[in-house]
Each structure stands twice: as structure tokens, then as C-alpha cells.
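J.: what follows is a predicted structure for the sequence shown.
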Amino acid sequence: MRFPAACLAAGLTVLSLSACGLQPMYAGGGSGTVAQGLAGVDVPAIEGRNGWLVRNALTDRFHAGGSANPRYRLDVRLDERLESLGVVADNTVSRERLTLRARYQLVDIASDTIMLDASDGTDAGIDVVSSEYAVIAAEQSAQERLAKNLADRITARVALALRKQGR
């Protein structure tokens, strides 16, 4: 008796979602409009180590289905901040917060119009321990995670902008 009720509930859910106009972002897979639009985004070099990490993560996401002739350009400027949070009795830092913010613009190369102008950011906490090597390794690991997280956020915003443009 529970199985038919569950099937009925699932069927009603599917019908209600289709009625509200919900559509998958990447409909059509690699040949869909969003995937093709992302494949046509060129990301110029971004300054610094974090810029290199973010650019590599973005190009991995944009060109996952193959590369197309660049139709768009994504200009990215990064701002990194390392902030001391926890200070113990002997005035040494015990915790840091690494913040990575990006200001970016998606530009249509043919018309030189800005299709998206946005900013995003992410942060990570780092424990400061007595080993300098461990702290440096933790900071580098945090930079890599933040770059990937930021690239995911930027990719989602760019995909949404391309979808709204119908390209």
C-alpha cells in the first residue's frame, strides 16, 4: 500500500514542477545552449598565484565539453585578504581567515557589451600552529579550495546570464 502512494506522490511532484516552468540549467548536455555558451568564454590571464588558480579552474569548467571559438570574454579581478582572528595571551595569532573576492564582467566580444557585471567571494579559516611549514601548507591548501569554490560560483552566474540571454 505504501509503494503506490509513494509513486503517486512522486508523480504529482513531477507534474507540479513542470507546471511551474522549472527547467534544467544544462538541458541538452554538451550540445545545449548553456554548455555551448560556456565553451565560448575566454578567460584572459588573472594576476597572481590565486589568479592562476582561479583561471585554471574556470577554464576547466567552461571548456569541459570542448572548446569553441571565443564569443565572450570574462574579465576577472581578484582581491585577497589574510586576517588574523585569534590572538592568545602571548600576542601570537592562533587563527586566520583567508578571503578571496572576485569582481568580474562577461563581455560579448563582437559588440563589446557587458552582459554580466558581478562580484563574489568566499573565505576559509586557517589554524596557525607552531610549525611554519604546516601554516604555509594550510594557506596554500585554503587558496586552492577557495579558487575552486569561487570558480564554481562564477560559472553558475555566467551560465545563468547566458541562459537568460538565450545563447
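T.: Yep, that arrived.
J.: what's the next secondary structure element after the host helix or strand of residue 53?
T.: In this assignment (DSSP states H and E), residue 53 forms part of helix 48-62. Heading C-terminal from helix 48-62, the first helix or strand you meet, by DSSP H and E, is strand 72-87.
J.: export that following strand as PDB, just CAs?
T.: What follows is strand 72-87, C-alpha atoms only, in PDB (Å, rounded to 0.1, in the frame of the first residue of the first chain):
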ATOM      1  CA  TYR A  72      32.700  36.000 -24.800                       C
ATOM      2  CA  ARG A  73      35.500  37.300 -22.600                       C
ATOM      3  CA  LEU A  74      35.400  37.000 -18.800                       C
ATOM      4  CA  ASP A  75      37.500  39.800 -17.200                       C
ATOM      5  CA  VAL A  76      38.300  38.900 -13.600                       C
ATOM      6  CA  ARG A  77      40.000  41.000 -10.900                       C
ATOM      7  CA  LEU A  78      40.800  39.300  -7.600                       C
ATOM      8  CA  ASP A  79      41.300  40.700  -4.100                       C
ATOM      9  CA  GLU A  80      42.800  38.500  -1.400                       C
ATOM     10  CA  ARG A  81      42.900  39.300   2.300                       C
ATOM     11  CA  LEU A  82      44.600  37.400   5.100                       C
ATOM     12  CA  GLU A  83      43.200  38.500   8.500                       C
ATOM     13  CA  SER A  84      44.300  37.500  12.000                       C
ATOM     14  CA  LEU A  85      41.400  36.400  14.200                       C
ATOM     15  CA  GLY A  86      42.600  34.600  17.300                       C
ATOM     16  CA  VAL A  87      45.200  36.200  19.500                       C
END
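J.: tell me which other helices or strands it touches.
T.: When contacts are defined as 3 or more Cβ pairs under 8 Å, 6 or more residues apart in numbering; DSSP states H and E, strand 72-87 sits against strand 41-42, helix 48-62, strand 93-108, helix 132-165. (Glycine included, C-beta is placed from N, CA and C.)
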